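A.B. asks: quick one: sequence plus predicted model below, questions after.
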Amino acid sequence: MINTSKLKKYIIAIFFSVTFFYSNSALKAEIKVVTTIQPLHSLVANVMDGSGDLGLILEGSASPHNFSLKPSHARMLEKADVIFWFGEDLESFLEKSLKTISTKAKIISFMKLNEIPKLKFREKNIFKHDDHDDHKGEHKDGHDDHKDEHKDGHDDHKDEHGHKDAHGHAHGEFDVHLWLDPINAKLMVKEIAHVLSEIDPSNAKKYNENADKTSLKIDRMVLEINKSINKKARFITFHDAYQYFEKRFKVPSMGAVTVNTDVQPGAKQISEIRKHVKEENIKCIFSEPQFNPKIINVIAESTNIKTGVFDPLGSTFKPGKSLYFSLIKDLSKNLSGC
């Protein structure tokens, strides 16, 4: 005869075991996302808002131009469901690992996202006013012909995979600092929500709602900055990384100390910058936390202009949802005395 009491206890035990198993499975199935740089991490954090596991590779003042992966990063990449990056022209250190380690991850390169307009790198480090007119090198798909390029007879920049071109750029044809235009950031946020929703449909509603909220917050920030930013600022930067920001807020830089961060400017180039500072009545010169400010200080001392810091990665801010907004606002504030 069947002992109903024991059978009942047995069924209850099985029920709780199954429930525990599926609960643990759900926890294990939590989406794992990896990002490369802090501004990108911040945008993804706004969309995820606590859902899943979000990892960051470059923290603090680490620069993607000379970064080396650690074993902990390799483990992070191996477990990832999604990896967001800009592409090999910025994060060249990641290119091989994505092919060999991140075999199961969906990989999103924002430089390959057609919806985001791309700007070509400026060829010289001293910018004339016509360098800022209409940005004729802007292309929505990144594959348009560049008919007005190379008037000096140089060949097209065919190599877009981390090699120096005829003008000394240690990167491809297009400027990779997309995030410095907040409107580009909105397009990135939209793509982030779309990708996460495909992989983690149970949280799709949350991702899309968060993306909408983040876009509205970006719009408000752009309006605020447009009202307060110094449109008459006359400044130069350490390297040519800010044209997306310049174009969005109509604050054209007068030049950059270098167009290639891998090569230190020589005496002739520094002399040209000094001359340019004096002739154009430039008020400020900006260093970056990722690079030694020695050259910036030398130029400043000999020209008596103000020094400041432009940080395209937000290295002094705590990683998280607010970092992207703090970064963009900080760039704007730094122009106030220029």
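C.D. replies: Done, it's in. Numbering: from 1, shown residues only.

A.B. asks: buried residues of stretch 206-223, list them for me.
C.D. replies: Using 16 or more other Cβ atoms under 10 Å as the test for burial, stretch 206-223 gives 206-208, 210-211, 214-215, 217-218, 221-222. All C-beta spots, glycine's among them, are computed from the backbone N, C-alpha and C.

A.B. asks: an error on my part: the question was meant for stretch 195-207.
C.D. replies: So, applying 16+ other Cβ under 10 Å, buried residues of stretch 195-207: 195-197, 199-200, 203, 206-207.

A.B. asks: ok so, going back, could I get the buried residues of stretch 206-223 in JSON lines, plus columns for secondary structure and distance to residue 64?
C.D. replies: Compiled in JSON lines, these are given as follows (DSSP: H, G, I helix; E, B strand; the rest coil; distance: Cβ to Cβ, whole Å):
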{"residue": "206", "secondary structure": "helix", "distance to residue 64": "30"}
{"residue": "207", "secondary structure": "helix", "distance to residue 64": "26"}
{"residue": "208", "secondary structure": "helix", "distance to residue 64": "29"}
{"residue": "210", "secondary structure": "helix", "distance to residue 64": "26"}
{"residue": "211", "secondary structure": "helix", "distance to residue 64": "25"}
{"residue": "214", "secondary structure": "helix", "distance to residue 64": "23"}
{"residue": "215", "secondary structure": "helix", "distance to residue 64": "26"}
{"residue": "217", "secondary structure": "helix", "distance to residue 64": "26"}
{"residue": "218", "secondary structure": "helix", "distance to residue 64": "23"}
{"residue": "221", "secondary structure": "helix", "distance to residue 64": "24"}
{"residue": "222", "secondary structure": "helix", "distance to residue 64": "25"}
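
A.B. asks: quick one on the thing from earlier: so which of the buried residues of stretch 195-207 comes closest to residue 247?
C.D. replies: Of all the buried residues of stretch 195-207, residue 195 has the smallest distance to residue 247: 26.7 Å, by Cβ to Cβ.

A.B. asks: ranges for the strands of the protein?
C.D. replies: Per DSSP state E, the chain carries strands over the ranges 32-35, 53-56, 82-85, 106-109, 235-239, 255-258, 284-287, 306-309.

A.B. asks: which stretch among those strands comes nearest residue 248?
C.D. replies: Closest approach to residue 248 among those (Cβ to Cβ): strand 235-239, 15.6 Å.

A.B. asks: pull up the pairing partners for that closest one, direction included.
C.D. replies: With DSSP bridges as the test, strand 235-239 is paired with strand 255-258 (parallel), strand 284-287 (parallel).

A.B. asks: what's the mean pLDDT across it?
C.D. replies: Strand 235-239 carries an average pLDDT of 93.

A.B. asks: could you do stretch 213-225 as well?
C.D. replies: Computed over stretch 213-225, the mean pLDDT rounds to 98.

A.B. asks: from now on call the first residue 54
C.D. replies: Sure, I'll start counting at 54 from here, so that last one is stretch 266-278.

A.B. asks: before we move on, back to that, of the buried residues of stretch 248-260, closest to residue 240?
C.D. replies: Nearest member of these to residue 240, counting by Cβ to Cβ, is residue 248, at 12.8 Å.
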